[in-house]
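Participant: When you get a sec, could you give me coordinates for this:
(2 chains)
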Amino acid sequence: GAGVSQSPSNKVTEKGKDVELRCDPISGHTALYWYRQSLGQGLEFLIYFQGNSAPDKSGLPSDRFSAERTGGSVSTLTIQRTQQEDSAVYLCASSLVRVNYGYTFGSGTRLTVV
Amino acid sequence: AQKVTQAQTEISVVEKEDVTLDCVYETRDTTYYLFWYKQPPSGELVFLIRRNSFDEQNEISGRYSWNFQKSTSSFNFTITASQVVDSAVYFCALIPTSYDKVIFGPGTSLSVIP
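Facilitator: Next up is the predicted model:
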């Protein structure tokens, strides 16, 4: 596609439920990144994919968080047993080959856990 | 350490004033890339500029200009004749070539008052 597409744009969920956030990167971009931005905070790195593999998962805050990427394209970030502190904007970005070409960000998914 | 510091948390200026957003970085790498991103109230991160460590030439794009000084490890961003539409959070970012992810600064929130 022309840009990085994220869905849903907004998600309200009850504490304890599981959620799935989707990212559709720019066609041909092999690198895909997930970041989290809590209210008034900077960007927190979560996970990086190169193709379908995730060489860097160091930012995932707990084992309730997981992500996968299939076909070198769409990625899904799953949060199990959501907690209120998971409320944030989850941003996806993609890059051609390597990140030093610069990211293109999606518009994010605003997750609210009530 | 690999780090980006944006010491100004919030700045308010009156429309048509010039404003400079400071960015200081730390890296062990001799080759690296620097970026500025804008995040307007809509939330999407917009790429503004990418510089590599070998190119210290300053750049001007319309009302925007960037001053890259390796001697002081700074990459400052100036907006001339600010406008209300410039109100946003601005992130400075660093990619050392030994990394595969972007190191973001904490952001500077700019408010331009009419």
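Participant: worst-scoring helix or strand of chain A, pLDDT-wise?
Facilitator: strand A:53-56 (a mean of 84; mean pLDDT, DSSP states H and E).
Participant: Can you name the residues in contact with it?
Facilitator: When contacts are defined by C-beta atoms under 8 Å, 6 or more residues apart in numbering or on different chains, strand A:53-56 is touched by residues A:47-48, A:67, A:69, B:100-101. Heads up, the C-betas are built off the backbone N, CA and C, glycines and all.
Participant: That strand pairs with which strands, parallel or anti?
Facilitator: strand A:44-50 (antiparallel) (DSSP bridges).
Participant: Just give me the residue right at the centre of chain A.
Facilitator: For chain A, A:Trp34 is the residue whose C-alpha lies nearest the centre (C-alpha atoms, centre = their mean; 3.5 Å).
Participant: so who does it touch?
Facilitator: A:Trp34 makes contacts with A:23, A:45-48, A:67, A:75, A:77, A:90-92, as judged by C-beta under 8 Å, 6+ apart.
Participant: and stretch B:61-78, how far from the chain's centre?
Facilitator: Centroid separation between stretch B:61-78 and its chain, computed with C-alpha atoms, centre = their mean, to the nearest Å, is 8 Å.
Participant: Flag every buried residue along it.
Facilitator: Neighbour counts over stretch B:61-78 (16 or more other C-beta atoms under 10 Å in any protein chain shown) mark B:64-66, B:68, B:73-78 as buried.
Participant: Of those residues, which is the nearest to A:Thr13?
Facilitator: Distances from A:Thr13 to these, taken as C-beta to C-beta, are shortest for B:Phe77 (37.3 Å).
Participant: CA-only coordinates of the least confident helix or strand of chain A in PDB, if you can.
Facilitator: C-alpha atoms of strand A:53-56 as PDB (Å, rounded to 0.1, in the frame of the first residue of the first chain):
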ATOM      1  CA  SER A  53      11.900 -13.300  12.000                       C
ATOM      2  CA  ALA A  54      12.200 -11.100  15.100                       C
ATOM      3  CA  PRO A  55      15.900 -10.600  15.900                       C
ATOM      4  CA  ASP A  56      15.100  -8.100  18.600                       C
END
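Participant: if we can go back for a sec, quick one: which helix or strand includes the residue nearest to the centre of chain A?
Facilitator: Using DSSP states H and E, A:Trp34 sits in strand A:31-37.
Participant: got the angle between that strand and strand A:44-50?
Facilitator: 170 degrees (axes from the mean of the first three to the mean of the last three C-alpha atoms, to 10 degrees).
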